[in-house]
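Undergrad: with the input below, show me the fold.
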Amino acid sequence: MIRGLVHTHFPLYTFPGRNIWVKTHGLLLRRPHVSVPPPTVRPPGNPHLQRITYFHAPSKVELLSAATSLYQRLKIRFKFATIRQYRAFTADEISAFFTWILAGHVLWIVVGTTTFVSLAIAAINTVSAQVPEFLARSVGNYLTRQSGITVIFESAIVPKSGKIQLNKVFASKRLNRIRGRSYGTMKKGSPMAAATAAATLVRTEVDYQDWDFEAEAEDVNCTQFDLTIDTVDVTLSFMNWWNGKGLLHDVEIKGVRGVVDRTHVSWTGEEQSKFPKELLRVHREGDFEIQSFRLEDLLVTVLQPNSFRPFQISIFSCELPRLRKQWMFYDFLCANSMSGSYDGSLFTLHPRQSQSTSLTSTRQTSRFRIDDVKIDHLNRDISGPFGWIRSGTADFTADMIFPPNPGKATLINILQDIIENIERNTQLGFTQLPTSTEEKDPVLVVFDLRVQLNNVKAAVPYLTSDLSYTNNALVRPIVAFINSQRTFIPLNCHVVKPLSEFDGAWGVCDCGLLRDVSDKVYEAFVRNVRDDQVRRRRLQKVGMWSLRLLGLQLMMAMNRTSFAGH
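TA: Modelled structure (predicted):
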């Protein structure tokens, strides 16, 4: 008997009600015997084929009823679910299974990268305690390879709410040009080990015998820090990595404490003479572009160069729609919300609410406000009016208008573009055809800045070599105007900058915004001085006219009294 077929060379006789036992793939099935029809009704053909007795293929119910173990039942159900019959798999079917399994895992990795990594970590955690540490160290090395910082964490990576979480992280960036040493690695340890590592790094900084003087100066002239972070939640994206935007998709950081040391930062004469565009960062392949960034509870102490007093910077909460390494400063300006304090001065940044219904309202408008800024933060290493002020505080309110995000095309933006194109074609006429070499208007970022100086005192600078002849002539009137105001001095500035100047900028100085604001503040001071001089001249003229009128009235009164006496 082979797979339900019985070959015999003897005549078959059937009996009513007789059953036979058939063994199919290891299962012994009981079924009624089916005899061949009589010779008188058999169709003509091969006489050997007419002597074969046929049995119908066993059904799923019959196979399950004949199964004697759980393994046999699972095998029957799997085969009927895949190939709809109970037989051995062919080579084509086996290759199809492997193809679908491979394609499914690839699709899972691409679409749900974080879920795949989290489940892999959870599965590894149940197998061994050493493998998760190795995996955590590998992921941490990847996350910190581009920044070149030392990371020590207390607990391994654990999946939580669909994200990968790092607990008790210690991040440090110190001078790493010691011969034969490298600090851009990721380790695991306790907070005590983190503190010991930080102290070791501080001690090695003053050991100049081991210092590699052939290293580039940019690695030495940089900001250093030692930070401890409670939790870091990250979401990974394979598509971001495939497009060269880094593996990170969402990042959430909570509980940051530490020290930011800038005492090693110094600027030479050549670097100060450079235009800000020459100091911008150059984009590199693999720079992260985080789609969502959140920061909560940050408190760091900043140490500035030239023996400046230490001060604290705190961020209560910060939410960014995106954070790109190449556009870091611009993305912080475009934050959905941010609040904190800078050396005791509270600041907020939030979208400005407007009731305007014009097309310009489609642009993103944000307001940044900081109150009671100590003047020593403004007059340090800065030329211009802020450098002449010696004491006092300042309040800043800036309304920033950003261009619409090209990645988020809304219906209003599309309609706005259509209307602008129609108006442009109407003004130019239909005879002028557009050319491919026509330059587009630069995308602009507008800053409406209002500065209020409170109880300030100024002094004439000793060295004014950086000022022109005209500006040098206005130093004393401006200083006199500042000292003449007892309470506050309001200033209004309007700064317009191309969006391209924020490409590669990480601070106010990199994009040239501080220089432009200083120039606009100087122009505002000049306008106020001229207005004050005009007002004084007007008062003098009014005063002289009043004196003349008063003298005329006195003379007329004296004449009347003299006539009355006669």
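
Undergrad: which strand residues sit across from the closest residue to L333 other than its chain neighbours in the sheet?
TA: For L333, ignoring the flanking residues on the chain, the nearest one in space by C-beta to C-beta, 6 or more residues apart in numbering is M400 at 6.1 Å. From N, CA and C alone the C-beta is placed, and that goes for glycine too. Assessed by DSSP bridges, M400 has beta-bridge partners S366, F447.

Undergrad: contacts only, for M400.
TA: The neighbours of M400, taking C-beta atoms under 8 Å, 6 or more residues apart in numbering as the test, are 333, 365-368, 445-448.

Undergrad: now do 7 Å
TA: Going by C-beta atoms under 7 Å, 6 or more residues apart in numbering, M400 touches 333, 366, 368, 445, 447.

Undergrad: nearest to I418, of those?
TA: The closest of those to I418 turns out to be V445 (C-beta to C-beta; 23.8 Å).

Undergrad: how would you label the closest one: helix, strand or coil?
TA: With DSSP: H, G, I helix; E, B strand; the rest coil as the basis, V445 sits in strand.

Undergrad: next, count neighbours for the nearest residue to it once chain neighbours are set aside.
TA: Excluding its sequence neighbours, the residue lying closest to V445 (C-beta to C-beta, 6+ apart) is K497, at 5.2 Å. Neighbourhood size, K497 [other C-beta atoms under 10 Å]: 16.

Undergrad: any chance you could map the helices in the stretch 401-550 of the chain?
TA: 411-428, 469-473, 475-484, 513-565 (DSSP state H, counting those that start in this stretch).

Undergrad: list the buried residues of the third one.
TA: Taking 16 or more other C-beta atoms under 10 Å as the neighbour-count basis, helix 475-484 is seen to contain the buried residues 475, 478-479, 481-482.

Undergrad: quick one on the thing from earlier: weakest of the helices of the stretch 401-550 of the chain by average pLDDT?
TA: Among those, helix 469-473 carries the lowest mean pLDDT, at a mean of 63.

Undergrad: can you tell me who I229 pairs with across the strands?
TA: Going by DSSP bridges, I229 forms beta bridges with V169, V256.

Undergrad: wait, it touches N167, no?
TA: No: I229 is beyond contact range of N167, at 9.0 Å (criterion: C-beta atoms under 7 Å).

Undergrad: I152 pairs with what?
TA: F170, K187.

Undergrad: just give me the neighbour total for it.
TA: Neighbours of I152 (other C-beta under 10 Å): 24.

Undergrad: so it sits against N167, correct?
TA: No: counting by C-beta under 7 Å, I152 does not reach N167; the two are 11.9 Å apart.

Undergrad: can I get the strand or helix carrying Y71 as CSV, trimmed to CA atoms?
TA: Element membership for Y71 (DSSP states H and E) is helix 70-82. Taking Å, rounded to 0.1, in the frame of the first residue of the first chain, the C-alpha atoms of helix 70-82 are listed here in CSV:
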residue,chain,number,x,y,z
LEU,A,70,-0.3,17.0,20.0
TYR,A,71,2.6,17.1,17.6
GLN,A,72,0.6,15.2,15.0
ARG,A,73,-2.4,17.5,15.4
LEU,A,74,-0.3,20.6,15.0
LYS,A,75,1.4,19.1,11.9
ILE,A,76,-2.0,18.3,10.3
ARG,A,77,-3.4,21.7,11.0
PHE,A,78,-0.2,23.5,9.7
LYS,A,79,-0.2,21.5,6.4
PHE,A,80,-3.9,22.0,5.8
ALA,A,81,-3.5,25.7,6.5
THR,A,82,-0.6,26.1,4.1
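
Undergrad: got the angle for the helix or strand just after it vs helix 70-82?
TA: Counting by DSSP H and E, the element after helix 70-82 in chain order, helix or strand, is helix 91-111. With axes from the mean of the first three to the mean of the last three C-alpha atoms, to 10 degrees applied, the angle from helix 91-111 to helix 70-82 works out at 80 degrees.

Undergrad: what mean pLDDT does the strand or helix carrying L346 get?
TA: Using DSSP H and E, L346 sits within strand 345-351. Across strand 345-351, pLDDT averages out at 93.

Undergrad: which residues are contacting it?
TA: Residues outside strand 345-351 that contact it (C-beta under 7 Å, 6+ apart) are 335-341, 364-373.

Undergrad: so what strands line up beside it?
TA: Partners of strand 345-351 in its sheet, by DSSP bridges: strand 337-342 (antiparallel), strand 364-374 (antiparallel).

Undergrad: okay, these in a markdown table with mean pLDDT next?
TA: As requested, the strands paired with strand 345-351 are exported to a markdown table (pLDDT from 0 to 100):
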| stretch | mean pLDDT |
| --- | --- |
| strand 337-342 | 94 |
| strand 364-374 | 91 |
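
Undergrad: now, which of the buried residues of helix 475-484 sits nearest L552?
TA: Nearest member of those to L552, counting by C-beta to C-beta, is F481, at 35.0 Å.

Undergrad: related to what we said a few turns ago, please identify which of I229 and N167 sits among more neighbours.
TA: It is I229, of I229 and N167, that has more neighbours when counted by other C-beta under 10 Å, with 20 against 15.

Undergrad: please report the distance of the more buried one from K325.
TA: 19 Å (C-beta to C-beta, to the nearest Å).

Undergrad: equivalent analysis for E420, please.
TA: Taken as C-beta to C-beta, the span from E420 to K325 is 32 Å.

Undergrad: these two: which has the busier surroundings?
TA: Legend: neighbour count by other C-beta under 10 Å for E420 and K325, higher for K325 (20 against 11).

Undergrad: need the helices for the stretch 201-350 of the chain, in chain order.
TA: Assigned by DSSP H, counting those that start in this stretch, the stretch 201-350 of the chain shows helices spanning 217-220, 238-242, 269-273, 328-333.
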